[in-house]
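Q: predicted model and sequence follow; I will ask about them next.
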Amino acid sequence: MKRFLPLIILALLAILPLIGLSTYMMHIVILVIMWSVIGMAWNLLGGYCGQVSFGHAAYFGAGAYTAGILYFKLGLSPWWGLPLTIIVVTVVSLFIGFLCLRLRGPFFALATLAMGEVFRVTSENLVDFTGGDLGILIQERTWVEKIWYYYIILFIAAGTFFLIKKVIESKLGYYFVAIREDQDAAESLGINTTLYKTIALCLSGILTGFAGAFYTNYMGYIDPKVVFALHDISIVTIMVVMVGGVATYWGPVIGAIIMVFLAEIIRSIPWLGVAHHTFFGILLIVIIIFLSNGIAGDFPKIKRLFRIRGTS
Amino acid sequence: MSLLELRGISKFFGGLAALNSVSFGVNKGEIFGLIGPNGAGKTTLFNVVNGFYKPSKGEVLFNGRKISNLKPHQICGLGIARTFQVVKPLQRMTVLDNVIASAFLRAKSKDQAEEIAVETLQFSGLYDDRNIKSKSLPLGKRKRLEIARALATQPELLLFDESCAGLNPSELNESIEIIKKVRERGVTILIIEHHMKVIMSISDRVVVLNYGEKIAEGTPMEIANNPLVIEAYLGDAQSA
């Protein structure tokens, strides 16, 4: 039963649009799935390989701008951005990896945070190439109906899920976790830590880039402040995984559901809506203190809590 | 020809000479002891052989090949594995996964890695604990896990860094048995140990370090009667 759970959920998601959700609900569901992809991608590097990145907006933005610039400069369909992202983001990842992966722990986190900002400032200033702060507007939308976008992102998410599962259960997965647990020990067990950290970074970057390229196609408009945002992309990515559960298969998915819905609900409250980042901060503190492994990681703990409440 | 040869190894940390032109050779198939008072440079020497430190002077040869310019993972790939004095288990992995992770170095598939890991765990008496997270193991078993993990990389030379320190007498005997069994598998052993009982009973030859310098080399009997060694450990007779 448990083995087929991903397939069952995928099947349920595939027939979800048939029940006739409103356009707004479809939009929310698409965002949830997109955030799951970004969360799963981050989880590969931050959760399994232990390299906590505060700059995943760099890959998201690189993917988004790959699609955007193809349209803006070459007049091609931004959908070509999806395959091309693989090349562009690999180059970006190797560049960031070369600079940042020689650092460990908090130093890596700080360096990646800076890299994310470097990419934002760069894209704001390369006006001829990226359109600067005016951003890029995709004038011809492929579909008006959201259902096709839904199936495309669902396909990307399913691919990401099974790819990561495959990777984690293979030699790569063992090596990633070994590096997370103790880099010196891993190195002395014959693991080329630099190589495997770079592989994790590239995989994670490419998957995040897919989400970025999809975003350009879906939203039809990007600018540096949106796709390279520190707090709206990089930090929310980390929150999605922390809330859902670090180094678990379902954690990022659960985290994405909670974060997207929570953001929508809080924003719709009058007066308090503008302070939604404050609520995110409080939520993160609560999660770290009481459920340090996230909801998926500490699920037995939550179950026990409810059982005690139920019987007494 | 020696399996491992150190030629004039020096290692300076700023002005401090942690090792000062140390030379010796370890022959194939022997158990070679490395002893010395605290701070003599024993673990530094391991870190040089293992590739964590580059020697400031001198070179390390393994099977006649210079290895002192290689990275730790490359040196491990050539067949030198080590254990750590301060144990470094991969904490949130199970015991079995710990060993599988290191078995992948030689294994071609996951099944093969698991096979090697299971065999190594049975060999080191940890098979019953295979599904326990390694952070909840007691110290004695953690030390054995270090050995199992090093063995799973199928080394030619194994460096034991105080694998018997802090063990109770029964654990100590188990560890001695395991070290002897490792040698029977044809693995050459270089061992740091404070326990004189262990070092005297198992090693074929011993080197003594003091303040980063080699002060004696020989069989355990020769070492035990060497006045320089006695002085290093107990202080010299006049000043005492």
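A: Looks like it came in fine.

Q: name the helices or strands packed onto whichever helix in chain B runs longest?
A: Counting residues, the longest helix in chain B under DSSP state H turns out to be helix B:169-184. The contact analysis (3 or more Cβ pairs under 8 Å, 6 or more residues apart in numbering or on different chains; DSSP states H and E) places helix B:169-184 against helix B:139-151, strand B:188-192, helix B:196-202. C-beta: built from backbone N, CA, C; applies to glycine.

Q: buried ones in that helix?
A: B:E171, B:L172, B:E174, B:S175, B:I176, B:I178, B:I179, B:V182, B:R183 (16 or more other Cβ atoms under 10 Å in any protein chain shown).

Q: contacting residues around the first one?
A: Contacts of B:E171 were listed using Cβ atoms under 8 Å, 6 or more residues apart in numbering or on different chains, and they are B:G140.

Q: do the second one as well
A: B:L172 makes contact with B:C164, B:H195, B:V198 under the criterion Cβ under 8 Å, 6+ apart.

Q: do the same with the last one
A: With contacts defined as Cβ under 8 Å, 6+ apart, the neighbours of B:R183 are B:G29, B:I31, B:I189.

Q: how many residues are close by the nearest residue to the last one once chain neighbours are set aside?
A: Looking back up the chat, that one is B:I189. Excluding its sequence neighbours, the residue lying closest to B:I189 (Cβ to Cβ, 6 or more residues apart in numbering or on different chains) is B:I31, at 4.6 Å. By other Cβ atoms under 10 Å in any protein chain shown, 22 other residues sit near B:I31.

Q: verify the stated contact: B:I31 with B:V198.
A: No - the criterion here is Cβ atoms under 8 Å, and B:I31 misses it with B:V198 at 10.3 Å.

Q: near chain B, which residues of the stretch 101-250 of chain A are found?
A: Applying Cβ under 8 Å from any Cβ of the partner chain, we find that the stretch 101-250 of chain A lies next to chain B at A:169-171, A:174-175, A:177-178, A:181-182, A:184-193.

Q: from these, which would you call buried?
A: Counted by 16+ other Cβ under 10 Å, those give A:171, A:174-175, A:177-178, A:181-182, A:185-193 as buried.

Q: measure stretch A:165-183 end to end?
A: End-to-end span of stretch A:165-183 (Cα to Cα, to the nearest Å): 23 Å.

Q: A:R120 - that's part of a helix, no?
A: Yes - assessed by DSSP: H, G, I helix; E, B strand; the rest coil, A:R120 belongs to a helix.

Q: surely it meets A:A62?
A: No - counting by Cβ under 8 Å, A:R120 does not reach A:A62; the two are 11.2 Å apart.

Q: of the two, which one has the most company?
A: Legend: neighbour count by other Cβ under 10 Å for A:R120 and A:A62, higher for A:A62 (26 against 23).

Q: one step back: centre of the chain to the longest helix of chain B, how far?
A: 14 Å (Cα atoms, centre = their mean, to the nearest Å).

Q: and what of stretch B:78-85?
A: The answer for stretch B:78-85 is 6 Å, by Cα atoms, centre = their mean.

Q: then stretch A:119-129?
A: 23 Å.

Q: is there a quick ChimeraX command that grabs whichever of the contacts of B:L172 are buried?
A: Only the buried entries of the contacts of B:L172 go into this ChimeraX selection, using 16+ other Cβ under 10 Å:
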select /B:164,195,198
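
Q: in JSON lines: the contacts of B:L172, plus distance to chain A.
A: Output for the contacts of B:L172, formatted as JSON lines (distance: Cβ to the nearest Cβ, whole Å):
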{"residue": "B:C164", "distance to chain A": "19"}
{"residue": "B:H195", "distance to chain A": "23"}
{"residue": "B:V198", "distance to chain A": "23"}
